[in-house]
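Student: Could you look at this predicted model? Sequence included:
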Amino acid sequence: MNILVLLKQTFDTEERIAIVDGRVKEDGVRFVVNPYDEYAIEEAVRLKEAYGATVTVASVGPERTQEALRTALAMGADEAILASDPALFGDSYTTAHVLAAIAKQGEYDLILAGNQAVDDGASQVAVRLAELLGYAHISTLTKLEVNGNQVVGRRDAEGDEEVVVGQLPMVITAQQGLNDPRYPSLIGIRKAGKKPLRTVSLADLALCEDDIAAKTEVLDTFLPPAKAAGKILQGDLTAQVIELVGALCTVDKVVG
């Protein structure tokens, strides 16, 4: 089995976000493997241990993303691919096309990714990739079974469990609860430095910059407003209801 894991490097979720000139300030910020992608990496490594699969991790991002890829290699992945050419950067549309080009070069049976990235929460790349490759897709799995070419996925569904069955090749996204990602061991970290990590460019992937250009543009980035103190309504019940409805209409814009 040939497995590809999609990885994104994101802010550490405990970092304080600062906005400068409409952009998130990255200086001095700690970057980590997107937490949802850790579940995908762990599941791929478990399949490798069970069935002798080969695991490749791929990412689109700047050179600093190598650190996240090395973490995945230390967890047990076999090789890594980084699309670090700025011509390959864009939105979810761009990223999906770049990763599709990488996937087509490797002929992967199973592609695993996190359900979403904690920085943008778009949940777009994996489903777009499945469409581009013509693969079946199952999202937000909390349990995965692979028996030959058959895939059985389980996911939460409004307090119940939904079971989805499909055939390889397939794209799957991992939800919290799928597994408990391992910490890289000292031996794993040492081995990671010797495992292959190659970078690819626009030319390497035979892509045209105009064809993968972003379809969306971020016009502004801003922090949420500071939380105001709670307000206790005064007067009898009728007066309180009138004041509450007025606040919902004029302050929070809940009621039109």
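Tutor: Looks like it came in fine.
Student: Do a quick rundown of the helices in the stretch 151-256 of the chain.
Tutor: For the stretch 151-256 of the chain, the helices defined by DSSP state H, counting those that start in this stretch cover 186-192, 237-250.
Student: highest average neighbour count across these?
Tutor: Ranked by mean neighbour count, the helices of the stretch 151-256 of the chain are led by helix 186-192 with a mean of 14 (mean count of other Cβ atoms under 10 Å). Any C-beta I mention is one placed from the backbone N, CA and C, and that applies to glycine too.
Student: hmm, who's touching it?
Tutor: If you take Cβ atoms under 8 Å, 6 or more residues apart in numbering as the criterion, helix 186-192 is touched by Arg70, Thr71, Leu73, Ala74, Met75, Gly76, Pro184.
Student: Which one of these is nearest to Asp120?
Tutor: Of all these, Asp120 sits closest to Thr71, with 20.5 Å by Cβ to Cβ.
Student: just checking, the closest one is part of a helix?
Tutor: Yes - under DSSP: H, G, I helix; E, B strand; the rest coil, Thr71 falls within a helix.
Student: Distance of it relative to Gly166?
Tutor: Separation of Thr71 from Gly166 (Cβ to Cβ, to the nearest Å) stands at 30 Å.
Student: between the two, which one's more packed in?
Tutor: Shown here are Thr71 and Gly166; by other Cβ atoms under 10 Å, Thr71 has more neighbours (23 against 16).
Student: Pull the contacting residues for that one.
Tutor: Contacts of Thr71 (Cβ under 8 Å, 6+ apart): Val32, Val33, Pro184, Ala192.
Student: State the pLDDT value of it.
Tutor: Per-residue confidence (pLDDT) for Thr71: 97.
Student: quick one on the thing from earlier: and the contacts of helix 186-192, which two are the farthest apart?
Tutor: Longest distance between any two of the contacts of helix 186-192 is 12.3 Å, between Arg70 and Gly76; criterion Cβ to Cβ.
Student: Who wins on neighbours among the contacts of helix 186-192?
Tutor: Greatest neighbour count in the contacts of helix 186-192, by other Cβ under 10 Å, goes to Leu73: 26 neighbours.
Student: I'd assumed Leu82 was in contact with that one.
Tutor: No - applying Cβ atoms under 8 Å as the test, Leu73 and Leu82 come out as separate, 11.6 Å apart.
Student: overlap in contacts of those two?
Tutor: Both Leu73 and Leu82 are in contact with Leu197, where contact means Cβ under 8 Å, 6+ apart.
Student: Could you list the low-confidence segments of this structure?
Tutor: By pLDDT under 70, the low-scoring segments of the chain are 252-256.
Student: Have a look at this protein and report its longest helix.
Tutor: Across the chain, the longest stretch assigned as helix under DSSP state H is helix 35-51.
Student: got the buried residues for that helix?
Tutor: With burial defined by 16 or more other Cβ atoms under 10 Å, the residues of helix 35-51 counted as buried are 35-48.
Student: Just list what the very next helix or strand once past that helix packs against, helices and strands only.
Tutor: Using DSSP states H and E, the helix or strand that follows helix 35-51 in sequence is strand 54-60. If you count contacts as 3 or more Cβ pairs under 8 Å, 6 or more residues apart in numbering; DSSP states H and E, strand 54-60 packs onto strand 2-6, helix 35-51, helix 65-75, strand 79-83, helix 92-106.
Student: With that, I have no additional questions.
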